[in-house]
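In: Here is my input; please provide its structure:
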Amino acid sequence: MLLTAFTAVLFLLIAAAEPLAARMRLPFSVMLATVGIMIGGGALFLLRTNVTETLNPVAVGILSLPIRSSVFMYVFLPTLIFQATLDMNIRRMMDDWVPILTLAVVAVVAATLTIGFALSWIGGLPLMVGLLIGAIVSTTDPSAVVSIFRSLSAPKRLSRIVEGESLLNDAAAIALFGLFLTYVMLGVPNPSLAEAVGQFPGLIAGGVLAGWLVARIALALMGLFARFETAQISVSVAVPYLAYIGAEQVLGASGVIAVVVSGLTLNLMGPGRLAPAFWVNLKEVWGLLAHWAGALIFILAALLIPRLLGEVRLNDLFLIGVVVVAAFVARALILFVLLPMLTTLRLSPKIQGPYRVAIMWGGLRGAVTLALALAVTENLRVPVETKRIVGILATGFTLFTLIVQGTTLRSVIGLLGLDRLSPLDRALSNQVVAVALQSVREGVASVTENYDLTRETVRSEAKRFAARLDSAVEAAEAEDNAEILDRDRITLGLIALAAHEREMIVQRFRERAISARLSEQALFDADRVIEGARSGGRTGYQRAARRNLRYGPAFRFAAFLRNRVGVAGPLARMTADRFEMLLGKRLILRDLHGFIDRRIRRIHGRRVAELLHELLQRRIEAVETALEGLRLQFPGYAEELERRFIRRTALRLEEREYNALRDDGLIGAEVHIQLMDDVRQRRQQSEGRPKLDLALRKNQVVRQFPLFADLDDAELKRLSREIRTRYVNAGHVITRKDTPARSVFFVASGAVEQEVAGQTARLGRGEMFGQMGVLTRRIRKAEVRAITPSTLLVLDEAGFRRLLKRSAALRKAVRDSVVGKTVAGEVLRMPELAQDAPLGEGAASG
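Out: Prediction:
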């Protein structure tokens, strides 16, 4: 009964702590820790005081709560880590993977070594005890920092780096903790350095395997329970715990790594396999679970602080100071020495100075540090004095970060200027307010006219609103004249355009016009365009847009598997994905023209709007060029996808109409359920994407080439087997000058540029290059570069010579290509070309 009542009181305290923390402008986790310390300290005071004994049973009940380190590690930690991975934008975080891994792994090792040696040299502690303390306090807690960043509208990149660091450094810190704990335990043989280092690959590999297997099994089960949302959510709740326990107890690997991998796997694969509405609900449920878990872990861990600090001595305060200084030195070396070096070597994107200061001061410690310290104090093999010093130093350092850094982090961010808008953003804000208020005035006027309100009231409110509007217009005009240049207006317009593109992708996803898997890729592309516009203006926007249309390494690897190994599945799937992505992107981009006219023109003017129309039209043309290339390679498949899109749109509109009829009371709940079941069944039938048969499509592509028009069916089939498909991006060098010629290339889609002796020529679909070097067996004289994403058909020398004997159209094309060239006589005398040469031509060559 006491445990149940205490749990209920804890939830009430959690509910009250959030608004109280907001009112006092403190991080939520700091407020929770304060509540926990007050409860634990109050219980100790009641138990030891002689004033009253009435509340002693309550104090004893609080102090005897079954709070063990295993509760934190096995109950709360998997929930927090799993939710963080589900809510993570993995593709955006990959842009900063170098600084994240540096902070998560290198910084943990650096902090462990720095604190350990400092405690050994300055504090006189045994080295292994110092290293154990360093490993315990090296893990950071992101909750307080991220909440402050979000409340201040700090740059999202700050939150991404801090969240990514804290997600991975738990695994590194726990692995080091397990290593150094064996050195301080009595009766346990100390492992050698080689044995200790050799364990880490197994810890990581086992954790990855366990997490991936559990997530894949969970996805299969959730697919079987597709009609039962609560069953799917129940399966997801089991995932982090099964991954953690399976890795720790079955494989002897890292449970934290297993939970991270299971969450990332579900994050990457779930949107493509689960219903969009369910995916949103799943993330909301896990957000609530993580909120409760994070709050409980802070309060329960803080309950232990008075007990852990019960035997503190004066010298312990000095050692806590050593830990604080050593931790700051280690973090500063990583942020201000190592990361700039990586940036100089072009291994890491640049992190501005204010960002690095905020990350350094935001390195708060929390419940994981206290849980690891508690695990040491519970271990019967650890000497008593080691338990005492570990508990006091870890707890004291955690308190310092929460009380000193946590309460001042908001002020530090303010001093760094990370909470303020730039002059350009302030000017834009004033202008947006002015335009918005003009629209609001029109809407209010329409409402008052429709509802026939009192004229005096309307006139009075209209004057107040007009005064505010005049003030906003004056501020906008002043800032406009002083701050916003045309170049900045273009940049701001491009950012707004890309942001609206992202909103349209989300809307199409919710309407089921595009699949969840492709919406993730489309959102990633839109985020890349936004970042490109922010960092590089017009040039960055165009560069990012071009990059989104390139063939990625995975696509080219899939083509390699198809051409060299004969495995066609990955290439077929990626080609179909690219087809569907380009179709959806074309539709969304065309709708953006209306947004420019409705919104951007009013804020930034006609000249900027016209330029944005031009840039957007270039993107649309690039998408249509890429789409046309796929249409030429796979005729008919685009039409199949377009039919599928029309069917899905019709189902969406039908579903919306039935919902409107139910809301208006024109049909009852029973009829609505029956109609929606029918829509759901037809949607499941239309969700399947048409299968793309690469072998059949390659035959059709070969048949479309005019150069192969005179080949019979048997020759065409043989040519389709011999020819290879190659995908190249714009700017890629296909053949280099002064290299041996071994293949002939046919342009299936796109365009290439050929440079010979300082002269350039462009070749398009249906043309070939490389034939002269193959026929003469000489070093290439030309360099050929792709100028658009292109698809090439590649034929080796033996295949080309055999084909030349059987195709009169190809022989004619080769003869035409050597007209006026020095090698014409040599080429025309070749047996492959002389068999159907005109009499005069043969006599001349003879």
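In: Moving C-terminal from the host helix or strand of residue 298, which element do we reach first?
Out: According to DSSP states H and E, residue 298 maps onto helix 276-303. Counting by DSSP H and E, the next helix or strand C-terminal to helix 276-303 is helix 305-308.
In: can you tell me which residues contact residue 436?
Out: Not one residue lies near residue 436 by Cβ atoms under 8 Å, 6 or more residues apart in numbering. For glycine as for every other residue, the C-beta is placed from the backbone atoms N, C-alpha and C.
In: Rounded mean pLDDT for the helix or strand harbouring it, please.
Out: Here residue 436 sits within helix 423-451, counting by DSSP H and E. For helix 423-451, mean pLDDT rounds to 70.
In: So residue 727: helix, strand or coil?
Out: strand (DSSP: H, G, I helix; E, B strand; the rest coil).
In: does it really touch residue 791, like I thought?
Out: Yes: between residue 727 and residue 791 there is a contact at 5.7 Å, judged by Cβ atoms under 8 Å.
In: higher neighbour count, the two?
Out: residue 727 (26 against 23; other Cβ atoms under 10 Å).
In: Check the gap between that one and residue 345 for me.
Out: Using Cβ to Cβ, to the nearest Å, one gets 31 Å for the distance from residue 727 to residue 345.
In: same thing with residue 613?
Out: 41 Å.
In: Export only the CA atoms of stretch 77-91, formatted as PDB.
Out: Extracted in PDB, the C-alpha atoms of stretch 77-91 (Å, rounded to 0.1, in the frame of the first residue of the first chain):
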ATOM      1  CA  LEU A  77      17.500   3.300 -19.400                       C
ATOM      2  CA  PRO A  78      16.200   1.200 -22.300                       C
ATOM      3  CA  THR A  79      13.000   3.300 -22.500                       C
ATOM      4  CA  LEU A  80      14.900   6.600 -22.600                       C
ATOM      5  CA  ILE A  81      17.400   5.400 -25.300                       C
ATOM      6  CA  PHE A  82      14.700   3.700 -27.400                       C
ATOM      7  CA  GLN A  83      12.500   6.700 -27.500                       C
ATOM      8  CA  ALA A  84      15.400   9.000 -28.400                       C
ATOM      9  CA  THR A  85      16.300   6.800 -31.400                       C
ATOM     10  CA  LEU A  86      12.600   6.700 -32.600                       C
ATOM     11  CA  ASP A  87      12.400  10.500 -32.500                       C
ATOM     12  CA  MET A  88      15.700  11.100 -34.100                       C
ATOM     13  CA  ASN A  89      16.200  12.500 -37.600                       C
ATOM     14  CA  ILE A  90      18.900  10.100 -38.600                       C
ATOM     15  CA  ARG A  91      19.600  11.500 -42.000                       C
END
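In: Any stretches of the stretch 251-400 of the chain with poor pLDDT?
Out: 272, 276, 310 (pLDDT under 70).
In: In whichever strand or helix holds residue 497, which residues are buried?
Out: Taking DSSP H and E as the definition, residue 497 sits inside helix 486-510. Under the neighbour-count criterion of 16 or more other Cβ atoms under 10 Å, helix 486-510 has 488-498, 500-502, 504-505, 508-509 buried.
In: what do you get for stretch 82-99?
Out: Buried, per 16+ other Cβ under 10 Å, within stretch 82-99: 82-86, 88-89, 92-93, 95-96, 98-99.
In: re earlier: by contact count, what packs against the next helix or strand after the helix holding residue 497?
Out: The C-terminal neighbour of helix 486-510 among helices and strands, as given by DSSP H and E, is helix 516-548. With contacts taken as 3 or more Cβ pairs under 8 Å, 6 or more residues apart in numbering; DSSP states H and E, helix 516-548 sits against helix 90-93, helix 255-273, helix 486-510, helix 569-595, helix 606-633.
In: which of those helices is buried the deepest?
Out: Neighbour counts (mean count of other Cβ atoms under 10 Å) averaged over each of the helices and strands packed on helix 516-548 peak at helix 255-273, with a mean of 24.
In: Just the CA trace of that helix, in CSV.
Out: C-alpha atoms of helix 255-273 as CSV (Å, rounded to 0.1, in the frame of the first residue of the first chain):
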residue,chain,number,x,y,z
GLY,A,255,22.8,-3.7,-24.1
VAL,A,256,22.9,0.0,-24.8
ILE,A,257,24.2,-0.6,-28.3
ALA,A,258,21.5,-3.2,-28.8
VAL,A,259,18.7,-0.8,-27.8
VAL,A,260,20.2,2.0,-30.0
VAL,A,261,20.4,-0.4,-33.0
SER,A,262,16.8,-1.7,-32.5
GLY,A,263,15.5,1.8,-32.3
LEU,A,264,17.4,3.0,-35.4
THR,A,265,16.2,-0.1,-37.3
LEU,A,266,12.6,0.6,-36.4
ASN,A,267,13.1,4.3,-37.2
LEU,A,268,14.5,3.5,-40.7
MET,A,269,12.2,0.6,-41.6
GLY,A,270,9.0,1.3,-39.7
PRO,A,271,7.7,4.2,-41.8
GLY,A,272,7.8,2.1,-44.9
ARG,A,273,6.1,-0.9,-43.3
